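[1] Need coordinates for the following:
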Amino acid sequence: MAESSLVNKLFTVNSLNKLVFEHDTRTFSQAIQEIGGAMVGQTNLDAIRHLYAYMSKKHRNEYFYKNALLNKILLGRHSMNTTSALRELPVAGNILDFLIINGVGQVYEIKTELDNLKRLRQQVSTYYQAFSFCNVVTDESHLAEVQKILDFPQVGIILLTKRNTLHVVRNSEMYNEGLKHETLFKLLRKPEFERVLLRCCGQLPQTSQGRYYRACLAQFKGLDILEAQGAVLRELKQRAAENKKYAEPFARVPVELMELVYFSGYRQADFAELEDFLVQQVGEA
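    Residues are numbered from 1 along each chain as shown. Just a heads-up that it's a prediction; the model follows:
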């Protein structure tokens, strides 16, 4: 459906940046024309809210789910001062949809009504190699099948209801038996695993450049697995800490755009430019 394709394309970091900073309104204007109808005299914020409302009723895509998680869990239950989020994190050949770190790491694997469930069990098993708490967030149309596939009780199941609320069907429980040093280690960038080794071991391996990575991994494997996991979570949380610098202007971002802005690395001037764009009338240069 053309309208669905347009909202998929519009609600991305790249599209928002083009719209706000490059004044490239092609996708935005087309979406308004196809979905919004006549919006003469209304603001760009009005148009975005109208398009988002269409998405909430007709096409709840992955962005809609991620935005719900950010708004209702990270911002609704926790605080940007104490909690961080990461998205699309590579984990042992899979891409983890959403991770919230608040003392522990809570994985959220998203299965929208538009997705199939063929790889679900394998994906969750992989995430348990690095994280102790996993949840699947899904739609009513998938709920019974998700419950059947995830017949092990430690996996949390969350339903995005028709009213767009998050309903916990089953709470996640701690499960550490699947943790693997190598999977944890591979989540880290070089400066991150070097900090972990210096902090936990007091030194880095003295070896040739060609053997350095494997030597660092071997040293990391000497750590207790829960100590290793805690050190990795600390680094991942720090990776997302840039988002906390501008909590005050971020609080003024419309709910519909929170997830996009959170992961865009905005600076003070960027927030001001976004605000200027949102108050302009549709079609205003």
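
[2] How about the backbone phi and psi for residue 169?
    According to degrees, to the nearest 10, the main-chain angles of residue 169 amount to phi -80, psi -40.

[3] Chain neighbours aside, what residue packs nearest to it?
    Spatial nearest neighbour of residue 169, chain neighbours left out: residue 157 (4.2 Å); criterion: CB to CB, 6 or more residues apart in numbering. Where you see a C-beta, it was placed from the backbone N, CA and C, and this is true even at glycine.

[4] what packs against the host helix or strand of the one you found?
    Per DSSP states H and E, residue 157 falls inside strand 156-160. Contacts of strand 156-160 with other secondary structure elements, assessed using 3 or more CB pairs under 8 Å, 6 or more residues apart in numbering; DSSP states H and E, are made with strand 133-138, helix 140-149, strand 166-170.

[5] List the residues that contact the residue nearest to residue 169.
    Contacts were defined as CB atoms under 8 Å, 6 or more residues apart in numbering; by that measure residue 157 touches 135-136, 138, 143, 146-147, 150, 168-170.

[6] tell me which of these is nearest to residue 44?
    Using CB to CB, residue 138 is the member of those that lies nearest residue 44, at 32.4 Å.

[7] so how many other residues sit close to the closest one?
    25 (other CB atoms under 10 Å).

[8] That one pairs with what?
    Counting by DSSP bridges, residue 138 is bridged to residue 111, residue 159.

[9] Can you give me the distance of it to residue 216?
    For residue 138, the distance to residue 216 (CB to CB, to the nearest Å) stands at 38 Å.

[10] re the thing from before, closest to residue 210 out of the helices and strands packed on strand 156-160?
    Using CB to CB as the measure, strand 133-138 is the one of the helices and strands packed on strand 156-160 that comes nearest residue 210, at 36.2 Å.

[11] For the closest one, buried residues please.
    Of the residues in strand 133-138, those with enough neighbours to count as buried (16 or more other CB atoms under 10 Å) are 133-138.

[12] now these in JSON lines, with distance to residue 192 and pLDDT?
    Output for these, formatted as JSON lines (distance: CB to CB, whole Å; pLDDT from 0 to 100):
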{"residue": "133", "distance to residue 192": "21", "pLDDT": "98"}
{"residue": "134", "distance to residue 192": "22", "pLDDT": "98"}
{"residue": "135", "distance to residue 192": "25", "pLDDT": "98"}
{"residue": "136", "distance to residue 192": "28", "pLDDT": "98"}
{"residue": "137", "distance to residue 192": "27", "pLDDT": "98"}
{"residue": "138", "distance to residue 192": "32", "pLDDT": "97"}
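
[13] Could you dump these into a markdown table with distance to residue 22 added?
    Output for these, formatted as a markdown table (distance: CB to CB, whole Å):
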| residue | distance to residue 22 |
| --- | --- |
| 133 | 40 |
| 134 | 39 |
| 135 | 37 |
| 136 | 37 |
| 137 | 33 |
| 138 | 36 |
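
[14] which among those gets closest to residue 178?
    Within these, the smallest distance to residue 178 is 9.7 Å, found for residue 134 (CB to CB).

[15] in terms of contact, does that closest one touch residue 125 like I think?
    No: distance between residue 134 and residue 125: 9.2 Å, which falls outside the contact criterion (CB atoms under 8 Å).

[16] Okay then, goodbye and thanks.
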